[in-house]
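Enquirer: Predicted structure and sequence below. I'll ask about it afterward.
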Amino acid sequence: MKKTIINTILASTLLSTYAQAATELMPTLKQATVVATMTERPGNPSITPDGRLLLSVHPLDHPSTKVIELSVAGNQTPYPTMKYAQGNDSLFKAVIAIRTDDNGVAWILDLATHTITGWDTRNETLVKTIEIPDSVLKPTSFLQDFALDQKRQRIIIADMTQNDLKSEAIPAFVTVDLNTGEAVRVAENHPSMRADSKTGFALNPITIDPSYEWVYFGAVNGHTIYRVKASEFDNNGKTVATNIKKYADKPYSDGITVDSDQNVYITDIESNAIGVSTPKGYRIIATLSDNQTWPDGMSFGPDGYIYVTVNQLDRTAALNNGKDTGTRSFEVVRIKALAKGTTGR
């Protein structure tokens, strides 16, 4: 990937089947195991508790289908229904972030409509739709990714802003109470959220540990992972800004996740690899297939593997001088988590 592009900007039947088709990946430098290929550019993955693989289709491609379920046979079905996910008149318009909770509810964030849809993947029914009020947003808000705090029934959205991919960032957390829909903008423009340069991309990678104690985050074009106690977001997050601390170094990255030992997994867009950051340092643990670039979103599965989308985002027209030079197909890969018994998302 070109340095100039970096500097300017995913114990069930299904997963058991994937496991039979893939070689166990040990925590050493090996190529990540490819579990699926697709012609649509994937955004973020989410693995349901029963092992179904849901994927957003990246809106930079202006796709006809916004969210899909990818079967082990490779079939791509609009999800949850055609009305929501397929066509110009679909209810979903531009989805990147999607997370599924332990009850099987997929929480789907639409950055175009500023809505959160909760969908019961077990009963295939709508749980609720939450509208994020304009009062907690900016004209350039870009609601890409979020941490799902199941303990407190709250999501913490990383608002990178820069929705035109070039304006100066005014990043912040946007918290949404999943019970009441109440939303708050928190710690706006905190130094931890900023990119290394004015032309870089700000706050985006964000996750929460499996015990719902720590929220980890950083800037896309930043070399530091920060963390703050999830409890600090209580009381409208008034104490968040004063309690953010550096956790570890990282490369430029689009997505992160964390296991029960506080190993932070990194989609390394500088080296086109997957790595791990701890206070002791950063190391690459898996490479990508030849000619694949930009590992993006991450999701834990109930099988102890981490699933990652690889989407060549640096080759999209939006980030590549108006020309899409991506080479289909795109991939979903997986790596084995370092901590045993981790089922966090």
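Expert: Noted; the coordinates are in hand. Residues are numbered from 1 along each chain as shown.
Enquirer: which residues of the stretch 51-200 of the chain fall in helices?
Expert: 82-85 (DSSP state H, counting those that start in this stretch).
Enquirer: remind me which residues of it are low pLDDT?
Expert: Nowhere does the stretch 51-200 of the chain drop to pLDDT under 70.
Enquirer: mind listing the strands for it?
Expert: For the stretch 51-200 of the chain, strands defined by DSSP state E, counting those that start in this stretch occupy the ranges 53-57, 67-70, 76-78, 95-100, 105-110, 115-120, 125-131, 143-149, 154-159, 172-177, 183-186.
Enquirer: got the ones you listed as a markdown table, with mean neighbour count and distance to L137 columns?
Expert: C-beta: built from backbone N, CA, C; applies to glycine. Shown next, in a markdown table, are these (neighbours: other CB atoms under 10 Å; distance: least, CB to CB, whole Å):
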| stretch | mean neighbour count | distance to L137 |
| --- | --- | --- |
| strand 53-57 | 27 | 20 |
| strand 67-70 | 23 | 22 |
| strand 76-78 | 17 | 28 |
| strand 95-100 | 25 | 15 |
| strand 105-110 | 24 | 13 |
| strand 115-120 | 20 | 12 |
| strand 125-131 | 14 | 11 |
| strand 143-149 | 26 | 8 |
| strand 154-159 | 26 | 7 |
| strand 172-177 | 24 | 7 |
| strand 183-186 | 21 | 8 |
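Enquirer: OK, contacts around S329?
Expert: S329 makes contact with 37-39, according to CB atoms under 8 Å, 6 or more residues apart in numbering.
Enquirer: thinking again about what came up before, now for the strands of the stretch 51-200 of the chain, which one comes closest to Y307?
Expert: strand 53-57 (7.1 Å; CB to CB).
Enquirer: hang on, the earlier thing: which one of the strands of the stretch 51-200 of the chain lies closest to A195?
Expert: Using CB to CB, the strands of the stretch 51-200 of the chain put strand 154-159 closest to A195, at 12.8 Å.
Enquirer: sorry, back to before: now that we have the contacts of S329, which of them are buried?
Expert: Neighbour counting over the contacts of S329 (16 or more other CB atoms under 10 Å) leaves M38 as the buried ones.
Enquirer: The contacts of S329 in strands, which ones?
Expert: Applying DSSP state E to the contacts of S329, the entries found in strands are 37-38.
Enquirer: wait, which of the contacts of S329 is closest to S289?
Expert: Nearest member of the contacts of S329 to S289, counting by CB to CB, is T37, at 9.5 Å.
Enquirer: Thanks a lot, catch you later.
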